[in-house]
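Undergrad: Model the structure of this input:
(2 chains)
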Number of protein chains: 2
Amino acid sequence: MGRWEPDARERLVLAALDLFSEQGYENTAVAQIAERAGLTKSTFFRHFRDKREVLFGGQEVLTEMLGNGVAGAPEGAGPLAMVEAALVAVSAGLTEERRAHGPQRSAVIASNPELREREALKMVGFATAVEDALRERGVSELDAVVAAELGVLAFTRGYTTWLKTGGDFAEVARRQLAEVLEAVDSLQRAE
Amino acid sequence: MGRWEPDARERLVLAALDLFSEQGYENTAVAQIAERAGLTKSTFFRHFRDKREVLFGGQEVLTEMLGNGVAGAPEGAGPLAMVEAALVAVSAGLTEERRAHGPQRSAVIASNPELREREALKMVGFATAVEDALRERGVSELDAVVAAELGVLAFTRGYTTWLKTGGDFAEVARRQLAEVLEAVDSLQRAE
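TA: Numbering: from 1, shown residues only, chains lettered A, B, ... in the order given. Below is the predicted model of the structure:
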């Protein structure tokens, strides 16, 4: 088997998700994942630090995209428009391939407390990235925290919707952000 | 050493926090915690499932208090008033003793990725409890999610403030909720 495996990463992801679903995340070893993918353990470790990484591999890239989206929002944009720009920017990382694995990945995470914790921290990381980028653009601490939280809420709701509907994540997330903001409005009017 | 140790739990918490701070969470064994507290390992296990539990022990109680606060809010209260009631209810669990350990506990958690993940999931659990209780009271799914998120934001900000200022957590958290809601307002006006 050669060192160069053009679709190795994708094959490893598919093998891992299938094994996690079939026999549980805890009961799956890296060696089994590699074997199922028809690859070696060392190929696995060229792509992933450990089996958990298969589920959370794209996080750094998405986090960076969110921050860059805020940084690249037009001059004069308000904080919520900057958050919208972050959601649009991150859509570049939410590819059709990612969507194809999404439901299986979500089911594996939901079945394991350690993975749920990891996923929760990932969302905190997203919020922090947006918050930091907003503060970098002069938004006050409180406004940045609140806008980032609303943005992450739109992200997670948008992600769930997008797994079902497909299409452009940017559009889905934008609609979610608008809905979240309308809900905030109506909540305040209800008091 | 008798089985009955009136302040065993408190002594174990203090010993654990000191050891975690001195030598790191990862490098601390349950046997050491028990020894430092002048108690046996089996006394430790009567109070805590494992060393992580020392840091997250009160979570179930606080989660329940939040849900009960929503459930017990006056008839006719809006969703945000129900969230405020949850913050007031949870203050019963935020005792002076808890505050005394708070900064050391926060520092230990911040120093360890696994503990940060656990803490993130705890906050998700808080949000879910409030959200579920709101839906139980007839609040729509979206409104419940949004109101719960704003409530947890007020909780975490309130907690940080309260560790510094002391006083009644209910008052601190109420003020934070008002500030968060004002920020949402001004963010929407800024667009």
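Undergrad: Give me every residue in chain A that's in contact range of chain B.
TA: Applying Cβ under 8 Å from any Cβ of the partner chain, we find that chain A lies next to chain B at A:78-81, A:113-114, A:116-118, A:120-121, A:123-124, A:142-143, A:145-147, A:149-150, A:153, A:157, A:179-181, A:183-188, A:190-191. To be clear about C-beta, it is placed using only N, CA and C from the backbone, and glycine gets the same treatment.
Undergrad: Tell me which entries of those lie within helices.
TA: Among those, the members falling in helices (DSSP state H) are A:79-81, A:113-114, A:116-118, A:120-121, A:123-124, A:142-143, A:145-147, A:149-150, A:153, A:157, A:179-181, A:183-188.
Undergrad: Apply the buried test to those and list what passes.
TA: A:79-80, A:116-118, A:120-121, A:123-124, A:142-143, A:145-147, A:149-150, A:153, A:157, A:179-181, A:183-184, A:187 (16 or more other Cβ atoms under 10 Å in any protein chain shown).
Undergrad: can I see the domain layout of chain A?
TA: Domain ranges of chain A: A:8-53, A:58-189, per automatic domain parsing.
Undergrad: pLDDT averaged over the first one - what is it?
TA: Domain A:8-53 shows a mean pLDDT of 95 in the predicted model.
Undergrad: One more: the longest one?
TA: Rounded to a whole number, the mean pLDDT of domain A:58-189 is 95.
Undergrad: Off-centre distance for it?
TA: Computed by Cα atoms, centre = their mean, to the nearest Å, the chain-centroid distance of domain A:58-189 equals 8 Å.
Undergrad: Could you do the shortest one as well?
TA: On the basis of Cα atoms, centre = their mean, domain A:8-53 is displaced by 20 Å from the centre of the chain it belongs to.
Undergrad: For chain A, which segments count as helices?
TA: Counting by DSSP H, the helices of chain A are A:8-23, A:30-37, A:41-47, A:51-56, A:59-71, A:79-90, A:96-110, A:113-136, A:141-165, A:169-189.
Undergrad: Identify the residue spatially nearest to A:Glu179, adjacent ones excluded.
TA: Sequence neighbours aside, B:Leu142 is the residue nearest to A:Glu179 in space, at 6.4 Å (criterion: Cβ to Cβ, 6 or more residues apart in numbering or on different chains).
Undergrad: from memory that neighbour sits against A:Leu181, does it?
TA: No: using Cβ atoms under 8 Å, B:Leu142 is not in contact with A:Leu181, being 11.0 Å away.
Undergrad: Tell me which residues touch the residue nearest to A:Arg118 when sequence neighbours are not counted, please.
TA: Residue nearest to A:Arg118 in three dimensions, not counting chain neighbours: B:Glu117, with 5.4 Å by Cβ to Cβ, 6+ apart. Neighbour list for B:Glu117: A:114, A:117-118, A:120-121 [criterion: Cβ atoms under 8 Å, 6 or more residues apart in numbering or on different chains].
Undergrad: Save the residues you listed as JSON lines, and put in distance to B:Glu26 too.
TA: Below are the contacts of B:Glu117 laid out as JSON lines (distance: Cβ to Cβ, whole Å):
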{"residue": "A:Glu114", "distance to B:Glu26": "16"}
{"residue": "A:Glu117", "distance to B:Glu26": "16"}
{"residue": "A:Arg118", "distance to B:Glu26": "17"}
{"residue": "A:Ala120", "distance to B:Glu26": "21"}
{"residue": "A:Leu121", "distance to B:Glu26": "17"}
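Undergrad: and A:Glu35, how many residues sit next to it?
TA: A count of nearby residues for A:Glu35, using other Cβ atoms under 10 Å in any protein chain shown, gives 15.
Undergrad: can you check A:Lys164 too?
TA: The tally of other residues near A:Lys164 (other Cβ under 10 Å) stands at 10.
Undergrad: do you know how far it is from chain B?
TA: As judged by Cβ to the nearest Cβ, to the nearest Å, A:Lys164 and chain B stand 15 Å apart.
Undergrad: same deal with A:Ala110?
TA: Using Cβ to the nearest Cβ, A:Ala110 is found at 12 Å from chain B.
Undergrad: My guess is that residue contacts A:Arg116. True?
TA: Yes: counting by Cβ under 8 Å, A:Ala110 does reach A:Arg116; the two are 6.8 Å apart.
Undergrad: before we move on, the earlier item: deepest of the helices of chain A, which one?
TA: Neighbour counts (mean count of other Cβ atoms under 10 Å in any protein chain shown) averaged over each of those peak at helix A:79-90, with a mean of 24.
Undergrad: Would you mind writing the CA trace of it as PDB?
TA: The C-alpha trace of helix A:79-90 is given here as PDB (Å, rounded to 0.1, in the frame of the first residue of the first chain):
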ATOM      1  CA  PRO A  79     -22.400  43.900  15.300                       C
ATOM      2  CA  LEU A  80     -25.400  41.800  14.100                       C
ATOM      3  CA  ALA A  81     -24.500  42.400  10.500                       C
ATOM      4  CA  MET A  82     -20.900  41.300  11.400                       C
ATOM      5  CA  VAL A  83     -22.400  38.100  12.900                       C
ATOM      6  CA  GLU A  84     -24.300  37.500   9.800                       C
ATOM      7  CA  ALA A  85     -21.100  37.900   7.800                       C
ATOM      8  CA  ALA A  86     -19.500  35.200  10.000                       C
ATOM      9  CA  LEU A  87     -22.400  32.800   9.200                       C
ATOM     10  CA  VAL A  88     -22.000  33.500   5.500                       C
ATOM     11  CA  ALA A  89     -18.200  33.000   5.700                       C
ATOM     12  CA  VAL A  90     -18.500  29.700   7.600                       C
END
